[in-house]
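Colleague: no sequence on this one, just coordinates:
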DNA sequence: ATTCAAGTGGGGAGAAGTGGGGGGAAGTGG
DNA sequence: CCACTTCCCCCCACTTCTCCCCACTTGAAT
């Protein structure tokens, strides 16, 4: 159950020929019937529950449209987002621009990362993970102070 | 549904020989039967729902007419605007002056950018996007929290 | 062994996007 | 004021794609 404590875990799923992935059953209840998927940091996709997304939107609204870099960021971020509703089997369609961004092929990892979910290409995640294993204890120290 | 959370997504559509484009079906309900199209910032067109347009107009009214640059801006912005009603297929006619301004050819991208929609020439947007991808993580940090 | 939940694959109806013909309004010239 | 041209808009038709549903497989639990 992810109700209060957030999303955890690592799941290997399949992107079918129609661009669909099944979300892990454990995540569905917390995600609810509608949620958002957007370009994330580090070549993966972020999946936001509705309330999380609302917070992101609120932040974006405070940015003045006259600032060029802010305009560009908003444009890039929102045009790369999608509102998703899973079908009866719990699958969502990932639009082509998002699949391209994360370099997704047939096999994808779905990660629970606290307040959000992440979607990774299998190979990309495995490579990233190797790097993280080596750094793990070092990272722990530098994060400790936060 | 874009009702509360605004417009999101990226759609590649076609400008036909009569100067028409189909608006993405996902946007239609939120846009309503009448809306406004105007010259936008960064060589694209802005599409505002009625209420958003009203807000833009309110802002313009607060600008003193005595300032020459403000006069010029208002004049240019409003003279290039048009009230649009989609036909039964959900298409709108883009006047020639707006098509010229945004450099639109046959293929156009339609972007959901929160409170507004943007219309871009395909090539122009793709070039712009390449630049943005590189900046994305940097910009994200300055917007923070994501 | 049986049952059930979860993940995967694919067929088919209906929506969405695109192209183009034709009637009527608006503008122009006589 | 009338005739003619042009342009706009409404509608019909075709294609593509999205979404809904059904079915099979696997693995875990009873």
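Modeller: Now that the structure is in, tell me what you want to look at. Keep in mind it's a predicted model, so treat the numbers as computed, not measured.
Colleague: Show me the shaky parts of chain A.
Modeller: Applying pLDDT under 70 to chain A flags residues A:1-4, A:145-146.
Colleague: Quick one: the helices in it, in order.
Modeller: Ranges of helices within chain A are A:25-31, A:50-61, A:68-79, A:96-102, A:122-144, based on DSSP state H.
Colleague: Compile those into JSON lines and extend it with columns for mean neighbour count.
Modeller: Bear in mind the C-beta positions are built from the backbone N, C-alpha and C, glycine included. Below are the helices of chain A laid out as JSON lines (neighbours: other CB atoms under 10 Å in any protein chain shown):
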{"stretch": "helix A:25-31", "mean neighbour count": "15"}
{"stretch": "helix A:50-61", "mean neighbour count": "15"}
{"stretch": "helix A:68-79", "mean neighbour count": "20"}
{"stretch": "helix A:96-102", "mean neighbour count": "17"}
{"stretch": "helix A:122-144", "mean neighbour count": "11"}
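Colleague: Enumerate every residue touching the residue nearest the centre of chain A.
Modeller: Geometric centre of chain A, nearest residue: residue A:46, 1.6 Å, by CA atoms, centre = their mean. Listed by CB atoms under 8 Å, 6 or more residues apart in numbering or on different chains, the contact partners of residue A:46 are A:37-40, A:116-118, B:146.
Colleague: thinking again about what came up before, among the helices of chain A, which comes closest to DNA strand D?
Modeller: helix A:96-102 (7.5 Å; CB to the nearest atom of the strand).
Colleague: Tell me if the closest one is near DNA strand C.
Modeller: No: Helix A:96-102 does not reach DNA strand C (CB under 7 Å from any atom of the strand); its nearest approach is 13.8 Å.
Colleague: Let me have the helices of chain A in TSV, adding distance to residue A:13 as columns.
Modeller: Below are the helices of chain A laid out as TSV (distance: least, CB to CB, whole Å):
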stretch	distance to residue A:13
helix A:25-31	11
helix A:50-61	21
helix A:68-79	25
helix A:96-102	14
helix A:122-144	10
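Colleague: can the ones you listed go into a markdown table with extra columns for distance to DNA strand D?
Modeller: Shown next, in a markdown table, are the helices of chain A (distance: least, CB to the nearest atom of the strand, whole Å):
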| stretch | distance to DNA strand D |
| --- | --- |
| helix A:25-31 | 12 |
| helix A:50-61 | 18 |
| helix A:68-79 | 16 |
| helix A:96-102 | 7 |
| helix A:122-144 | 18 |
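Colleague: Which one, of the ones you listed, ends up nearest to residue B:110?
Modeller: helix A:68-79 (9.2 Å; CB to CB).
Colleague: Now do that closest one against helix B:122-143, angle only.
Modeller: Relative orientation of helix A:68-79 and helix B:122-143, computed by axes from the mean of the first three to the mean of the last three CA atoms, to 10 degrees: 110 degrees.
Colleague: So is helix A:68-79 next to chain B?
Modeller: Yes: using CB under 8 Å from any CB of the partner chain, helix A:68-79 reaches chain B at A:68-79.
Colleague: Likewise for stretch A:135-146?
Modeller: No: counting by CB under 8 Å from any CB, chain B is not contacted by stretch A:135-146; separation bottoms out at 14.4 Å.
Colleague: Quick one: distance of that stretch to the chain centre.
Modeller: In this view, stretch A:135-146 has its centroid 23 Å away from the chain centroid, taken as CA atoms, centre = their mean, to the nearest Å.
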